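Undergrad: Have a look; sequence and predicted model below, questions after that.
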Amino acid sequence: MAHINRTSPIKRRSRSEVASIKAWLYDTLAEKNPMTVRQVFYQGVSSGVIAKTETEYKQTICRLLTDMRKAGELPWRWLADNTRWMRKPRTEIGLAAMLDRTAETYRRALWEQQPAYVEIWLEKDALAGVLYEETESWDVPLMVTRGYSSHTFLASAAETIREVGKPVYLYYFGDYDPSGVHIPQVIERQLRDMAAGAEIHFKRVAVNPSQITAWNLPTRPTKKTDSRAKSFKGESVEVDAIPPKTLRALAHNSIVRHIDEAIYQRTLDIEKLERETLVKVAGWFHPDEEEAPA
């Protein structure tokens, strides 16, 4: 399997060739958004749209995506970037507005009555926006490690694991390279130590060697500077190389296998009744509005 070449130059493309790539970019993102820029690059490589070089990544994909978004040809929200974010406390313009929003957004804790507890762990924060679409809908924590996790982060995670008092299933998504293989091993070992006594089931979901072969994922040379490279065999694959829909499907399947359908439906029924109650309470703070006919 060929790996990514980091130095090959790009021949100058004609306007029609550039237009064809831009059309592919639009169609791909329209179908599969949100995606990271790196994911778009790997999809282009797999589809034969661009060569597997870092030059293509920077000078073709990054440049065209920037140009297209600035020109209004692509919505900014189609590209995910969770490496930069803002902190701000939630505030309201008044009590009535707060009650209205609460009624609209109220959700009952889905896993409170379920027989198990699930978390999705992710090595790269740049992909958080891709997986959050799935974890958010199932009320599952998305734990972003950003490489090797701090002891503080793991201690907090272990405290939650101890407190749930039920079997815990942790599913990990990360690169297949020397550090990417070692990171989840460290996480699992430290969580087991810190949450001693808890029933923990830890599984690496992606990237795995079988997926690299079955899905013909683009590889890259393994970094010789990585201290663990000597014991690592083969080339490396970034988790970004897996198509976003496949990543979300992997997360979805990991989650729903632990859902008791009867308990889940009962939770939704109670949530509906409680939301209706909140709507009524919110209505008490709008005395000037006439109640809509039933």
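TA: Structure received. What you see is a predicted model, and the numbers here were worked out from it, not measured in a lab.

Undergrad: C-alpha from now on. contacts and neighbour counts both.
TA: OK.

Undergrad: secondary structure element for residue 27?
TA: Taking DSSP states H and E as the definition, residue 27 sits inside helix 15-32.

Undergrad: Mind listing what's buried along that helix?
TA: 21-22, 25-26, 29 (16 or more other Cα atoms under 10 Å).

Undergrad: Mean pLDDT per helix and strand in this structure: which one sits at the bottom?
TA: One helix or strand of the chain scores below all others by mean pLDDT, DSSP states H and E: helix 95-105, with a mean of 86.

Undergrad: Contacts for the helix holding residue 27, please.
TA: Outside of helix 15-32, the residues within contact range by Cα atoms under 8 Å, 6 or more residues apart in numbering are 35, 40, 49, 64-65, 68, 74, 78, 244-245.

Undergrad: rerun that using 10 Å as the cut-off
TA: 12-14, 33, 35-36, 40-41, 43-44, 47, 49-50, 60-61, 64-65, 67-68, 73-75, 78-79, 130, 243-245 (Cα atoms under 10 Å, 6 or more residues apart in numbering).

Undergrad: Just the CA trace of whichever helix or strand comes after that helix, in CSV.
TA: Downstream of helix 15-32, the first helix or strand assigned by DSSP H and E is helix 37-46. Output of helix 37-46 as CSV, limited to C-alpha atoms (Å, rounded to 0.1, in the frame of the first residue of the first chain):
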residue,chain,number,x,y,z
VAL,A,37,-10.0,19.4,6.4
ARG,A,38,-7.8,16.3,7.0
GLN,A,39,-10.8,14.0,6.4
VAL,A,40,-11.6,15.8,3.2
PHE,A,41,-8.0,15.3,2.0
TYR,A,42,-8.1,11.6,2.7
GLN,A,43,-11.4,11.2,0.9
GLY,A,44,-9.9,13.0,-2.1
VAL,A,45,-7.0,10.5,-2.0
SER,A,46,-9.3,7.5,-1.7
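
Undergrad: next SSE after helix 37-46?
TA: Assigned by DSSP H and E, the successor of helix 37-46 is helix 54-55.

Undergrad: can you redo the buried residues of helix 15-32 as TSV with pLDDT and distance to residue 276?
TA: Output for the buried residues of helix 15-32, formatted as TSV (pLDDT from 0 to 100; distance: Cα to Cα, whole Å):
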residue	pLDDT	distance to residue 276
21	94	49
22	94	47
25	95	43
26	95	41
29	95	37
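
Undergrad: hmm, back to that, quick one: buried residues of the least confident helix or strand of the chain?
TA: Buried residues in helix 95-105 (16+ other Cα under 10 Å): 96, 99-100, 103.

Undergrad: next one: stretch 239-257
TA: 239-245, 247-248, 250-252, 254-255.

Undergrad: Can you pick out the most distant pair from the residues you listed?
TA: Using Cα to Cα, the buried residues of stretch 239-257 span at most 21.8 Å, a distance reached by 241 and 255.

Undergrad: Let's see which of the buried residues of stretch 239-257 end up in helices.
TA: Among the buried residues of stretch 239-257, the members found in helices (DSSP state H) are 244-245, 247-248, 250-252, 254-255.

Undergrad: just these now: which is nearest residue 234?
TA: residue 247 (22.6 Å).
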